[in-house]
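1. sequence? don't have it. structure:
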């Protein structure tokens, strides 16, 4: 799989969901103190986008109903919402200060409602 | 009257067709700028808390387990308004405050002193006070055990038959009481922070506008078929005016409602301000400032405006402010000319967690509390008052007996004299009951609140505090 360069790490604001698109797939990029993460930009609850979402303690918060997703695993940590499929994650790397994303082959998790 | 159908149907003149959007909304500051005055002091500090999204599942409005969580973490731990000082004008006046299964007796124990106790006799537990009463002491109606207004056990009939009882340790069990703004608050938790922590910015905002110097001119106790939190939320945003109070849109710009939430103290205070005597942006292209003014004066029994007034929104606001200032001067003998226009025309409602709303100004001089009705999460009791300034003489009219509206009743049919206010209330009650039924009808995965970023910020804030206090905060 090819890796895609998306921009300088230093220019990514901390703890904020940024939207981009790679090969037609909506991707969410979040930089935290633990690193930079890339996941599909689609909440498996009701299909919301994470544009402008806040991140804290290793989790990103869906702006629609507040569901929290672990940035490392894509798993939902908000038990009230029941069992949701995890959000698919993509590999990230930083080369010469530039963030690179390699898409995973797995299909996007679809919203349950 | 069947409360389950829309009382009137949407007013054809003002309803907005599906698909329309309104953008470029004026801010509250834009509307204030029309008045060409220094802004009111309460706007000095904007709210600094910005609640984010969170899962708010519908079951908190109807599942019995939340009733018990609320008893444990809210009703037994938080400062809550039980009555106003004016409700107990004489030493010895007392009233019961019943909340779910708990009950407290609140008494004016001294000229400027209130006490509160668990409402249960130390003998065999009989509830001591079940209605507003007066007396020099507190006597149990069962066996005559008698307590002073300070709760001390003063008399046990046949005391020699109770040799093991030390009266000093068998008095009424007290709970904390505090007053602010003419309201009496209690808190059953001896370890809770002081009332001032809950009041936060309210103290400063109302310093010049002492609610204690106001009297209750009207009082309504309304039972409604929805959860107390849903009832409170129905009045916590202006977003519903478009559809629920369609015919009210010419008089208030509800879609330009300004909302603030503060972190000061316990973070329990928020506020909404809806500008008055300006039409809603949804219908601004269909109604003139003059029409707005005429409708407003008719709805609020103000002097009909002469032909040359209200031709601009600024003058419409000024006309109402002048009319109200003059009437208040006649009623109170005080000078109101130093207050800004906003004070007389805008709806300014504060929220104090968990369940009280004091209002600022004469635009809508109200006072509200919301509480559960017994153990049933599907019904609640709202108490609404109108508070007016006490005359310069200081003479307070007595608190009127409340109007009661029972479950399923229409306010307008029971009390037609209330006119426009009753009509608006019926529109709200209808919605609130339908909302409660809808909570239960939702699909399992679609049973979460979807809240707007700005207009419904107070609902976000309330539920944020609720989750923290009740222990539902996920991390």
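-> Done, it's in. Bear in mind that the values here come from a model prediction, so they are computed numbers and not experimental data.
2. and the helices in the stretch 151-300 of chain B?
-> B:195-199, B:202-205, B:228-234, B:241-244, B:289-299 (DSSP state H, counting those that start in this stretch).
3. not counting its own residues, what contacts the last one?
-> Residues external to helix B:289-299 that are found in contact with it (C-beta atoms under 8 Å, 6 or more residues apart in numbering or on different chains): B:250-251, B:276-279, B:302-305, B:309-313, B:315-316, B:319-320, B:323, B:419-420. (C-beta placed from N, C-alpha, C; glycine too.)
4. please convert the buried members of those residues into ChimeraX selection syntax.
-> Here is the ChimeraX command that picks out the buried ones among the contacts of helix B:289-299, judged by 16 or more other C-beta atoms under 10 Å in any protein chain shown:
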select /B:250,251,276,277,278,279,305,309,310,313,315,316,319,320,323,420
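5. quick one, phi/psi of the residue in chain A positioned nearest to chain B?
-> Residue of chain A nearest chain B, by C-beta to the nearest C-beta: residue A:66 (3.6 Å). Note on residue A:66: its backbone torsions stand at phi 80, psi 10 [degrees, to the nearest 10].
6. ok, now which ones touch it?
-> A:78, B:52-56.
7. for the residue most central in space within chain A, list the residues it contacts.
-> Nearest to the mean C-alpha position of chain A, by C-alpha atoms, centre = their mean, lies residue A:39 at 3.0 Å. By C-beta under 8 Å, 6+ apart, the residues touching residue A:39 are A:27-28, A:30, A:50, A:60, A:69, A:71, A:74, A:87-90.
8. now, these that are in strands?
-> Assigned to strands by DSSP state E, the following of the contacts of residue A:39 qualify: A:27-28, A:30, A:60, A:69, A:89-90.
9. can I get those in a markdown table with neighbour count, pLDDT and distance to residue B:20?
-> As requested, those are exported to a markdown table (neighbours: other C-beta atoms under 10 Å in any protein chain shown; pLDDT from 0 to 100; distance: C-beta to C-beta, whole Å):
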| residue | neighbour count | pLDDT | distance to residue B:20 |
| --- | --- | --- | --- |
| A:27 | 22 | 97 | 34 |
| A:28 | 26 | 98 | 32 |
| A:30 | 26 | 98 | 36 |
| A:60 | 26 | 97 | 34 |
| A:69 | 29 | 97 | 35 |
| A:89 | 20 | 97 | 41 |
| A:90 | 22 | 97 | 40 |
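10. give me the pLDDT for the residue of chain A closest to chain B.
-> Here, the pLDDT recorded for residue A:66 equals 94.
11. what's the closest non-adjacent residue to it?
-> Take residue A:66 and drop its neighbours on the chain: the residue closest to it by C-beta to C-beta, 6 or more residues apart in numbering or on different chains is residue B:54, 3.6 Å away.
12. remind me which helix or strand that neighbour belongs to.
-> Under the assignment given by DSSP states H and E, residue B:54 is not contained in any helix or strand.
13. now it: how far from residue B:173?
-> Remark: distance between residue B:54 and residue B:173 (C-beta to C-beta, to the nearest Å) = 37 Å.
14. higher neighbour count, these two?
-> residue B:54 (24 against 14; other C-beta atoms under 10 Å in any protein chain shown).
15. surely that one is in contact with residue B:462?
-> No. Checked against C-beta atoms under 8 Å, the pair residue B:54 and residue B:462 is beyond contact range at 10.8 Å.
16. immediately after whatever helix or strand residue B:319 lives in, which helix or strand?
-> Take DSSP H and E as the rule and residue B:319 turns out to sit in helix B:313-332. Counting by DSSP H and E, the element after helix B:313-332 in chain order, helix or strand, is helix B:341-345.
17. pLDDT averaged over the strand of greatest length in chain B - what is it?
-> Across chain B, the longest stretch assigned as strand under DSSP E is strand B:376-389. Per-residue pLDDT over strand B:376-389 has a mean of 97.
18. before we move on, what about stretch B:252-261?
-> Mean pLDDT, stretch B:252-261: 95.
19. please apply the same query to stretch B:131-139.
-> Mean predicted lDDT for stretch B:131-139 stands at 98.
20. chain center to that stretch, what's the gap?
-> 28 Å (C-alpha atoms, centre = their mean, to the nearest Å).
21. sort out which residues of that stretch are buried, please.
-> For stretch B:131-139, by 16+ other C-beta under 10 Å, it's B:138-139.
22. could you do stretch A:47-65 as well?
-> By 16+ other C-beta under 10 Å, the buried positions in stretch A:47-65 come out as A:48-50, A:53, A:55, A:58-65.
23. picking that back up, make a markdown table from the contacts of residue A:66 and add pLDDT and distance to residue B:189 to it.
-> Shown next, in a markdown table, are those (pLDDT from 0 to 100; distance: C-beta to C-beta, whole Å):
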| residue | pLDDT | distance to residue B:189 |
| --- | --- | --- |
| A:78 | 91 | 30 |
| B:52 | 93 | 28 |
| B:53 | 94 | 30 |
| B:54 | 93 | 25 |
| B:55 | 94 | 28 |
| B:56 | 96 | 25 |
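24. who in the stretch 351-475 of chain B is up against chain A?
-> Residues of the stretch 351-475 of chain B lying close to chain A by C-beta under 8 Å from any C-beta of the partner chain are B:443-446, B:448-450, B:474-475.
25. apply 7 Å and report the result again.
-> Residues of the stretch 351-475 of chain B found near chain A (C-beta under 7 Å from any C-beta of the partner chain) are B:443, B:445-446, B:448, B:450, B:474-475.
26. got a quick PyMOL command for the buried subset of those residues?
-> Entered in PyMOL, the line below selects the buried ones among those, by 16+ other C-beta under 10 Å:
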select buried, chain B and resi 448
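27. count of neighbours near residue B:401?
-> Around residue B:401 there are 8 other residues, counting by other C-beta under 10 Å.
28. quick one on the thing from earlier: what's the helix holding residue B:319 packed up against?
-> Helix B:313-332 sits against helix B:289-299, helix B:341-345, with contacts defined as 3 or more C-beta pairs under 7 Å, 6 or more residues apart in numbering or on different chains; DSSP states H and E.
29. all strands in chain A, in order from the N-terminus.
-> Under DSSP E, chain A gives strands at A:3-8, A:18-22, A:25-32, A:35-40, A:55-56, A:59-61, A:68-70, A:89-95, A:98-102.
30. nearest to residue B:198, out of those?
-> Counting by C-beta to C-beta, residue B:198 lies closest to strand A:55-56 out of the strands of chain A; the figure is 26.6 Å.
31. got the contact list for whichever residue of the stretch 301-450 of chain B sits closest to chain A?
-> Nearest to chain A in the stretch 301-450 of chain B, going by C-beta to the nearest C-beta, is residue B:445, at a distance of 4.1 Å. If you count contacts by C-beta atoms under 7 Å, 6 or more residues apart in numbering or on different chains, residue B:445 has them with A:82, A:112-113.
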